[in-house]
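Asker: starting from these lines, generate the structure:
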Amino acid sequence: MIDPETKLDAIKNVGIKDNRIAQISSDPLQGKETINISGLVVAPGFIDLHVHGRSNVEQEYQLHDGVTTALELEWGIEHIGKWYQSRRSKALINYGASVNWPFERFKAIGKYKAGVDELSEITIKGESALQTLIKIITPSFTERLTQEEMDKTLLNIKTALDEGAIGIGVPIGYLPKTEPGEMFRVYKLAGELNALVFSHVRDPNIISIQEAIAASALTRAPLHIVHINSMSLAQIQLALDMVHSTKREGLDITTELYPYTAASTLLQSAMFTAGWQERLGITYGDLQWEATGERLTSETFETYRKSGGTVIMHMMKPEWIKAGIAAPGVMIASDGMRYAKLAHPRTAGTFTRVLGKYVREEKVISLNDAIEKMTLLPAKRLENIAPSMRFKGRVQVGADADITIFNPNTVIDKATFEKGLAFSGGVEYVLVNGVFVLKNGQTVANVLPGQAVYGKFKK
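Answerer: This is a model prediction of the structure:
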């Protein structure tokens, strides 16, 4: 077993009672059920800070990837209280979400009340709402808020935090025309509350990363910059150096990346406004349409942009990914998409890809360091905003029995850009809150032990 906090790496027996780890011993332990996992690695369940799928369809792929807690923290979720209630006793793995700043902003603009009500129904039904959400609220993206609307937005954010949201999702990259003053007010509120901001920065460049860091520095808002690989591209080393330098200044800033050279987003989003080729350093042929797997042309780009849908963007180089994975303190997070047969493979294979490709095959980092990036680091990042995370990311007596057991010699991702999603291999057992959800590499039927992860402001 490997515990990244105590650095214990030894052959031990682990005893579980109810939903907690009750005993760790070199001596044999007795229990109602005993499994022999000789030759396998016992690790804390992997914690994914960045997912977009909302259903058990996506959670089953994550489960086979070793994930026991999957959180939607970049975008957040609209009507957060209703969403938490809708997932109660229905989840395979642990779940949670941040405040959806774009939605709370949209809700503050009175003329969009019909859209607010429509999204309420979508939330209750549990539909995969990211694309629908963007479609409905896009008209509000270019609105300049009045003082009253700005104040209402901040009040809405506070209300969502009171409903259990984990920090504030600030995907300004989808609202890039947001005025700096408005964004500063959101960061200022986060600083006053000590509420963690999860930001997709304004544009994929160093200036936007500097903007987010500056806002955090000026307001003392804790900040987590999502997928630094696709936000900095060729300048990833400079971006990593900037984030690391903030530690010396006493700032609370962290980051993450996913282990793939392609990104994925909605083609109708602001990411593809005029000049996207220069901003991203790619052209039409680097775009792959999720629905069919085809590479785009100028003609199909225009057609699909009008209809809307998900596109995969082949825009990064392997050496950039290696640099991010090797960098100390950088967490692993998937940015997993909603289910589609040809969805970005990060949806199903992020964590096993790190263990198989970057640990075993390419030796970019050690097994222990990889596990730390997937478990302890995200748990510690969240424990000040989500108290229950103090009991996750560890294999210790008293910790939650969220445990992933895998074969270090065979663990690997199997999802591909060409053939689509597939369950990863080598993850043999997964327990969530002390309940087996994966046994001998197979999903256990009719168990739903996933629990909500709430923010500290929940009333």
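
Asker: so where's the stretch 351-459 of the chain uncertain?
Answerer: The stretch 351-459 of the chain contains no residues with pLDDT under 70.

Asker: chain center to the strand or helix carrying Tyr95: distance?
Answerer: Assigned by DSSP states H and E, Tyr95 falls within strand 94-100. Distance of strand 94-100 from the chain centroid (C-alpha atoms, centre = their mean, to the nearest Å) equals 10 Å.

Asker: export that strand to PDB, keeping only CA atoms.
Answerer: This file holds the C-alpha atoms of strand 94-100, laid out as PDB (Å, rounded to 0.1, in the frame of the first residue of the first chain):
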ATOM      1  CA  ASN A  94     -18.500  10.900  -4.700                       C
ATOM      2  CA  TYR A  95     -19.700  14.100  -6.400                       C
ATOM      3  CA  GLY A  96     -19.700  17.800  -5.900                       C
ATOM      4  CA  ALA A  97     -19.600  21.100  -7.800                       C
ATOM      5  CA  SER A  98     -18.700  24.800  -7.500                       C
ATOM      6  CA  VAL A  99     -20.800  27.900  -8.100                       C
ATOM      7  CA  ASN A 100     -21.500  28.400 -11.800                       C
END
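
Asker: show me what that strand is packed against.
Answerer: strand 67-77, helix 80-87, helix 147-162, strand 168-170 (3 or more C-beta pairs under 8 Å, 6 or more residues apart in numbering; DSSP states H and E). In short, each C-beta sits where N, CA and C put it, glycine included.

Asker: I'd like to check the angle between that strand and strand 67-77, please.
Answerer: Strand 94-100 and strand 67-77 are oriented at 20 degrees to each other (axes from the mean of the first three to the mean of the last three C-alpha atoms, to 10 degrees).

Asker: mean neighbour count added to the helices and strands packed on strand 94-100, as JSON lines?
Answerer: Listed next are those as JSON lines, based on neighbours: other C-beta atoms under 10 Å:
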{"stretch": "strand 67-77", "mean neighbour count": "28"}
{"stretch": "helix 80-87", "mean neighbour count": "19"}
{"stretch": "helix 147-162", "mean neighbour count": "18"}
{"stretch": "strand 168-170", "mean neighbour count": "29"}
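
Asker: for the ones you listed, which one sits closest to Lys322?
Answerer: If you check each of those against Lys322 by C-beta to C-beta, strand 67-77 wins as the nearest, at 22.5 Å.

Asker: return that closest one as PDB; C-alpha atoms alone will do.
Answerer: What follows is strand 67-77 as a C-alpha-only set of coordinates in PDB (Å, rounded to 0.1, in the frame of the first residue of the first chain):
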ATOM      1  CA  VAL A  67     -11.600   7.700  -9.600                       C
ATOM      2  CA  THR A  68     -13.600   7.700  -6.400                       C
ATOM      3  CA  THR A  69     -14.400  11.400  -6.200                       C
ATOM      4  CA  ALA A  70     -15.300  13.500  -9.300                       C
ATOM      5  CA  LEU A  71     -16.000  17.200  -9.000                       C
ATOM      6  CA  GLU A  72     -17.300  19.800 -11.500                       C
ATOM      7  CA  LEU A  73     -15.300  22.800 -10.300                       C
ATOM      8  CA  GLU A  74     -14.300  24.700 -13.500                       C
ATOM      9  CA  TRP A  75     -17.800  25.400 -14.800                       C
ATOM     10  CA  GLY A  76     -19.800  24.600 -11.700                       C
ATOM     11  CA  ILE A  77     -23.500  23.700 -11.900                       C
END
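
Asker: from the chain's centre, how far out does that strand sit?
Answerer: Relative to its chain's centre, strand 67-77 lies at 5 Å (C-alpha atoms, centre = their mean).

Asker: now stretch 78-86
Answerer: Chain-centre distance of stretch 78-86: 18 Å, with C-alpha atoms, centre = their mean.

Asker: next: stretch 417-429.
Answerer: That offset, for stretch 417-429, works out to 18 Å (C-alpha atoms, centre = their mean).

Asker: low-scoring pLDDT stretches of the stretch 1-150 of the chain, where are they?
Answerer: Within the stretch 1-150 of the chain, the segments meeting pLDDT under 70 span 121-131.

Asker: which residues of it fall in helices?
Answerer: Using DSSP state H, counting those that start in this stretch, the helices of the stretch 1-150 of the chain run over 56-64, 80-87, 101-108, 113-125, 130-137, 147-162.

Asker: just to revisit the earlier point, pull the residues that contact the strand holding Tyr95.
Answerer: Applying C-beta atoms under 8 Å, 6 or more residues apart in numbering, the set of residues contacting strand 94-100 from outside is 59, 68-78, 80, 83-84, 87, 133, 157, 160-161, 164-169, 198, 386, 392, 402, 432-433, 450-455.

Asker: any chance of the helices of the stretch 1-150 of the chain in TSV, with distance to Leu29 too?
Answerer: Formatted as TSV, these follow (distance: least, C-beta to C-beta, whole Å):
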stretch	distance to Leu29
helix 56-64	25
helix 80-87	33
helix 101-108	47
helix 113-125	44
helix 130-137	44
helix 147-162	42
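
Asker: quick one on the thing from earlier: mind checking which of the helices and strands packed on strand 94-100 is nearest Val116?
Answerer: That would be helix 147-162 among the helices and strands packed on strand 94-100, by C-beta to C-beta, at 10.3 Å.

Asker: how far off centre is the closest one?
Answerer: Relative to its chain's centre, helix 147-162 lies at 24 Å (C-alpha atoms, centre = their mean).

Asker: what's the answer for stretch 164-171, then?
Answerer: The chain centroid and the centroid of stretch 164-171 are separated by 12 Å under C-alpha atoms, centre = their mean.

Asker: just the CA atoms of that stretch, as CSV, please.
Answerer: C-alpha atoms of stretch 164-171 as CSV (Å, rounded to 0.1, in the frame of the first residue of the first chain):
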residue,chain,number,x,y,z
GLY,A,164,-23.2,23.6,-0.6
ALA,A,165,-21.1,24.7,-3.6
ILE,A,166,-17.4,24.1,-3.4
GLY,A,167,-15.8,27.5,-4.3
ILE,A,168,-16.5,29.6,-7.4
GLY,A,169,-16.2,28.3,-11.0
VAL,A,170,-14.9,31.2,-13.2
PRO,A,171,-14.6,30.0,-16.8
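
Asker: how about residues contacting it?
Answerer: Defining contact as C-beta under 8 Å, 6+ apart, one finds that stretch 164-171 is touched by 71-76, 80-81, 84, 96-102, 157, 161, 183, 186, 189-190, 195-200, 224, 382, 385-386, 452-455, 457-458.
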